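Participant: build the 3D model from these lines:
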Amino acid sequence: QLQLVESGGGLVQAGGSLRLSCAVSGRPFDRYAMGWFRQAPGNEREFVADINLVGDDANYADDVKGRFTISRDNNKNTLSLQMNNLTSEDTAVYYCAASNLQSIGLTSPIYFGWWGQGTQVVVSS
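Facilitator: Numbering: from 1, shown residues only. Predicted coordinates:
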């Protein structure tokens with residue numbers, strides 16, 4: 001069974017940065033496209049970014065493009081999300097997710113069959 005564990009969330013001031021990590025185990029990491037989603041209180045889970053199997057192509061939501069960078073290290077079975085210039089609108093629980101569709105542009109949670117437990121990000125203004 002594929003297992004995903006996020007870390008790196010916390011409290012940061014507006015304009016600051018955070019780096020989220022997702023450790024993946026249980027099955028070969030390089031067989032899964034990976035994504036980050038987030039969910040703020042009262043909102044639906046929304047797409048943030050996804051990345052292809054080898055990590056050389058990525059897709060971003062419009063409101064994080066240019067500020068967030070998704071990456072993966074297939075040798076370390078780790079997915080990352082570097083978040084810069086954070087705003088209060090970025091406050092949410094962030095989830096990493098895995099998909100066996102082996103492509104990017106997977107902007108809906110329905111394409112991802114495995115999820116981590118989430119890590120809280122709070123941006124104070």
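Participant: and the pLDDT at the residue nearest the centre of the chain?
Facilitator: Geometric centre of the chain, nearest residue: residue 36, 2.2 Å, by C-alpha atoms, centre = their mean. In this prediction, residue 36 carries a pLDDT score of 98.
Participant: cool, and residue 48?
Facilitator: 98.
Participant: which ones are touching it?
Facilitator: Residues in contact with residue 48 (C-beta atoms under 8 Å, 6 or more residues apart in numbering) are 35-38, 60-61, 64, 68, 70, 81, 94. For glycine as for every other residue, the C-beta is placed from the backbone atoms N, C-alpha and C.
Participant: what do you get for residue 33?
Facilitator: Residue 33 neighbours (C-beta under 8 Å, 6+ apart): 50-53, 98-104, 106.
Participant: mind checking which of the residues you listed are buried?
Facilitator: Among the contacts of residue 33, those classed as buried by neighbour count (16 or more other C-beta atoms under 10 Å) are 50-53, 98-99, 104, 106.
Participant: looking at this, residue 30 is in a helix?
Facilitator: Yes - applying DSSP: H, G, I helix; E, B strand; the rest coil, one finds residue 30 inside a helix.
Participant: where's the nearest residue to it once chain neighbours are set aside relative to residue 58, distance?
Facilitator: Counting by C-beta to C-beta, 6 or more residues apart in numbering, residue 74 is the residue found nearest to residue 30 once chain neighbours are left out, at 4.5 Å. Taking C-beta to C-beta, to the nearest Å as the measure, residue 74 falls 14 Å from residue 58.
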